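**Student:** what's the 3D shape of this:
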Amino acid sequence: MSRGGWMARARIFACVFGGSLGSIAALPAAAEILNPPVLQDERAAVAKPILTEEAPAPLPGNTAPARGDRLLDLKIQYIDNQIYNPSTGGYDKVHLRGYTGKGVDPAAPYVSPTIEAVPGDTVRITLDNQLPAGPQPGDPGCMPGGQMPDIPHCFNGTNLHTHGLWVSPTGNSDNVLLSINPQTKFTYEYNIPSDHPSGTFWYHTHRHGSTALQVSSGMAGALIIRGNRPPTPTAHGDLDTLIPTSAIPERVLVMQQIQYACRGPAAKPGDLGPIKQNIKGSYFCDPGDVGGIEAYDQFGPGTWPASGRYTSLNGKVFNPDDAMKATQGQIERWRVIHAGVRDTISLQFFKVLDGKLKPGVKTLLRADATASFMKDTCDTKPVPYALVAADGLTMAAAQMTTLATFQPGYRFDALVVFPQAGRYCVIDSSAPKSGVVNGLDVGPRLLGLVDVAPGKPVDNVETYINGKLVALAETNMPANVKATVVADLKTGMKFTSFTPHPDITDEEVKGNGTQELTFFIDTSGPDVKFEVGNTLNTADVKPYDPTRIDRQLPLGKAQVWTLQSHFVSHPFHIHVNPFQIISIIDPLGKDVSAPGAIDDVAGSPDPQYPGLKGVWKDTLWIKSLIPQNLPTGFSGIYTITLRTRYERYIGEYVLHCHILDHEDQGMMQNVAVVLPDQVGDTTRGEAMQMDVGGHDALK
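**Tutor:** Predicted structure coming up:
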């Protein structure tokens, strides 16, 4: 493609900001931002026998104690409430689809409840779709199976995806090929293996055609698998046994982008009116308006930063009267989930400067002045913290950082400690254009505050965290592994005894075939096409087809995958089986996944890839740069090599871009794990249909 063609396409990604900031009248003292509520059992739990051995059986491969069945009801309704708007200092009324259930605070509905389980549980969730049936303005409706188009549709149809869980993808388990249509109930049953890793996962709606619209409304929540299996000399255990909540309190932080809009009058009955925007593109609501998310003109390149909306933390948008509370010197486990649709978040902590952001003084915060506001308000020295798990899976060693990059779908568990008392800014920091969704030049944004009470001073965060981990190991670990765990922690803060998956070796993948994948957006015709291909070029890229299986994968084997994106960057996500990162090669041939590597091919360092070599994940950013920013002859394409095992489960599921409006428009594939002797046929016959509560549920 010519340089001019790339430049023409790049113009898609222009964006604008708007506003100013200032201070107004005093308000009551700050309120606390709490963890999301835990979804409670609607009925009494069905008890299972509890094993009585002195130490629970370790992971992997052995049977662990099982707490019992979880019997949960999750309702989907339109919910009327309000969301704080930092640019006006007031609240906007909103009417949004959302999850609710037993234990949810009706006054704080826009973070979904946390679902908890332990390995060995059977979790049954009755999904009750109470959204209205019938035609909706701008919605083509819910079409069955092979008729599902790669356009937004079925806004009130839904289903449920347990993102990152290692469970069956078929039947009434983690089956995203079902459509639970309005006024229908359906019970999902997740049989969580007794050797399932503990960790931070999440759940969200995944009905092709309406995923972005519903997730952006807040239909996403944390899903935590809690473990009680200590390591043994022959098997690994759960990190939870080293850092129990009795010693290391935990904070669950769900980050969302609820991109509500208010609209003007419709041109004709049955249509939606235009979004109310100022000259710079920022959304606004007039008195009496009610914001909603009812169409896909609210998504797309540049719309999120231009909208003037703010990322919410556990359902709350930045307000100096809402803060998280912590104690100086108390290490916390932060389970952080990017549950948004398409914005990149770069998480940092800075001390609030003396005299700034006092509780009880409201602050108006406008997008075009955010950088200058933070320069005037927050210290310039970031607080370091330790990453201990990626996408729910314990890492081989803790990685100290001052900034973690969250792409849509990412999770990191971090050990966080605030060294001084006082207030701290929680910042979505500036990131290089090459490292954010659609290459946008997005400045820093203030996400929230932490109020830190006086406690124990911390001179060196890394040394302090390491010392605490060693002390916990000496206290909590069984005698037959204590010396090993302590020695690992003292030499590089290693978690060798807690990693859930063994490395995939050269020998394990030998002779099993390989997989290639390319993401591509075709803008050459009148209609933009969002496509995926099975080679490292654009010759075979195709939009999603629900009747086609694009890959057959051999059960019980491991394979190498090579990934590229040939037009802008995309987060790759695959269901069921996680993958291990082998290398990330930049356009100049350097592996930027190695610890200490510098990914600066686009002219400014991007911190998101260094340190990922060998890490296990289920979602990963595939970077693609615009070639005119590179030396002559270089493509701008990064090449990612992964390895993955297809274990235990056969059946059909999907891979896709986790910019969810891209997925809704066709950037997805069906894949199927089959018995090894069945690999070869890449087509599927007629789509099998099953009746669920009077509506087609499509496999």
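
**Student:** what ranges do the helices span in the stretch 1-150 of the chain?
**Tutor:** With DSSP state H, counting those that start in this stretch as the criterion, the stretch 1-150 of the chain has helices at 3-10.

**Student:** need the longest helix for this protein.
**Tutor:** For the chain, the helix reaching the highest residue count under DSSP state H is reported as helix 461-476.

**Student:** and the helix or strand following that one, how far from the chain's centre?
**Tutor:** Toward the C-terminus, helix 461-476 is succeeded by helix 479-490 as the next helix or strand (DSSP states H and E). On the basis of Cα atoms, centre = their mean, to the nearest Å, helix 479-490 sits 33 Å off its chain's mean C-alpha point.

**Student:** can you check stretch 565-585 too?
**Tutor:** Distance of stretch 565-585 from the chain centroid (Cα atoms, centre = their mean) equals 14 Å.

**Student:** got the end-to-end distance for that stretch?
**Tutor:** Length of stretch 565-585, first residue to last, Cα to Cα, to the nearest Å: 13 Å.

**Student:** also stretch 269-288?
**Tutor:** 21 Å.

**Student:** ok, and for it, which residues are buried?
**Tutor:** Using 16 or more other Cβ atoms under 10 Å as the test for burial, stretch 269-288 gives 272, 275-277, 281-285. Every C-beta, even on glycine, is put in place using the N, C-alpha and C of the backbone.

**Student:** pipe those residues into TSV and attach pLDDT, distance to Pro152 and secondary structure per row.
**Tutor:** As requested, these are exported to TSV (pLDDT from 0 to 100; distance: Cβ to Cβ, whole Å; DSSP: H, G, I helix; E, B strand; the rest coil):
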residue	pLDDT	distance to Pro152	secondary structure
Leu272	90	12	coil
Ile275	95	15	strand
Lys276	95	21	coil
Gln277	92	20	strand
Gly281	84	21	coil
Ser282	88	23	coil
Tyr283	93	19	strand
Phe284	92	24	coil
Cys285	94	23	coil
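
**Student:** which among those gets closest to His236?
**Tutor:** Tyr283 (48.3 Å; Cβ to Cβ).

**Student:** report the contact partners of the closest one.
**Tutor:** Taking Cβ atoms under 8 Å, 6 or more residues apart in numbering as the contact definition, Tyr283 lies against 260-262, 275-277, 307-309.

**Student:** how close does it sit to Arg70?
**Tutor:** According to Cβ to Cβ, to the nearest Å, Tyr283 and Arg70 sit 39 Å apart.

**Student:** per-residue confidence at the nearest residue to Pro454 once chain neighbours are set aside?
**Tutor:** The shortest distance from Pro454 to any non-neighbouring residue, by Cβ to Cβ, 6 or more residues apart in numbering, is to Ala421 (4.2 Å). pLDDT recorded at Ala421 is 96.

**Student:** count of neighbours near Gly492?
**Tutor:** 13 (other Cβ atoms under 10 Å).

**Student:** does it lie in a helix or a strand, and which?
**Tutor:** Using DSSP H and E, Gly492 sits in no helix or strand.

**Student:** that one contacts Ala397, correct?
**Tutor:** Yes. Gly492 lies in contact with Ala397 (Cβ atoms under 8 Å); the separation is 5.3 Å.

**Student:** ok, what's across the strand from the residue nearest to Arg251 when sequence neighbours are not counted?
**Tutor:** Excluding the flanking residues, the one nearest Arg251 by Cβ to Cβ, 6+ apart is Trp334, at 4.9 Å. When assigned by DSSP bridges, Trp334 has beta-bridge partners Arg251, Ala414.

**Student:** quick one: residues contacting Trp334.
**Tutor:** If a contact means Cβ under 8 Å, 6+ apart, then Trp334 has 250-251, 253, 385, 413-416 as its contacts.

**Student:** got the confidence number for it?
**Tutor:** Taking Trp334 on its own, its pLDDT is 98.

**Student:** any idea how far it lies from Leu563?
**Tutor:** Relative to Leu563, and taking Cβ to Cβ, Trp334 is found at 29 Å.

**Student:** what's the answer for Met493, then?
**Tutor:** 29 Å.

**Student:** contacts for stretch 503-512, please.
**Tutor:** Around stretch 503-512, the neighbours that count as contacts under Cβ under 8 Å, 6+ apart are 554, 557-560, 580, 614, 643-645.

**Student:** helix or strand: which one has the residue nearest to Pro543 when sequence neighbours are not counted?
**Tutor:** Distances taken as Cβ to Cβ, 6+ apart place Gly666 nearest to Pro543, at 3.3 Å, with adjacent residues excluded. Taking DSSP H and E as the definition, Gly666 sits outside all helices and strands.

**Student:** 17 is where my numbering starts, stick with that
**Tutor:** Okay, using 17 as the starting number, the last item reads as Gly682.

**Student:** tell me the contacts of Gly682?
**Tutor:** Gly682 neighbours (Cβ under 8 Å, 6+ apart): 166, 545-547, 559-560.

**Student:** His589 too?
**Tutor:** 179, 425, 634-635, 671-674.

**Student:** name every strand pairing with the host helix or strand of it and say which way it goes.
**Tutor:** Assigned by DSSP H and E, His589 falls within strand 586-590. Paired neighbours of strand 586-590 in the sheet (DSSP bridges): strand 635-638 (antiparallel), strand 667-673 (antiparallel).

**Student:** okay, that strand in CSV with CA atoms only?
**Tutor:** In CSV, the C-alpha atoms belonging to strand 586-590 read as follows (Å, rounded to 0.1, in the frame of the first residue of the first chain):
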residue,chain,number,x,y,z
HIS,A,586,-5.9,-4.6,18.1
PRO,A,587,-6.2,-6.6,21.4
PHE,A,588,-6.3,-10.3,20.5
HIS,A,589,-8.5,-12.5,22.8
ILE,A,590,-9.2,-16.2,22.6
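
**Student:** what mean pLDDT does the helix or strand following that strand get?
**Tutor:** Sequence-wise, the next helix or strand downstream of strand 586-590 (DSSP H and E) is strand 595-601. Rounded to a whole number, the mean pLDDT of strand 595-601 is 98.

**Student:** need the strands for the stretch 117-266 of the chain, in chain order.
**Tutor:** Using DSSP state E, counting those that start in this stretch, the strands of the stretch 117-266 of the chain run over 131-133, 138-145, 177-179, 200-207, 215-220, 236-241, 266-272.

**Student:** who wins for proximity to Pro160 among those?
**Tutor:** Nearest of the strands of the stretch 117-266 of the chain (Cβ to Cβ): strand 200-207, 13.7 Å.

**Student:** what inclination does the closest one have with respect to strand 138-145?
**Tutor:** In terms of direction (axes from the mean of the first three to the mean of the last three Cα atoms, to 10 degrees), strand 200-207 departs from strand 138-145 by 160 degrees.

**Student:** got a list of contacts for stretch 365-376?
**Tutor:** Contact with stretch 365-376 is made by 42-46, 336-337, 339, 379, 390, 392-399, 401, 432, 434, 436, 438-443, 465-467, as judged by Cβ under 8 Å, 6+ apart.

**Student:** I appreciate the help and will end here.
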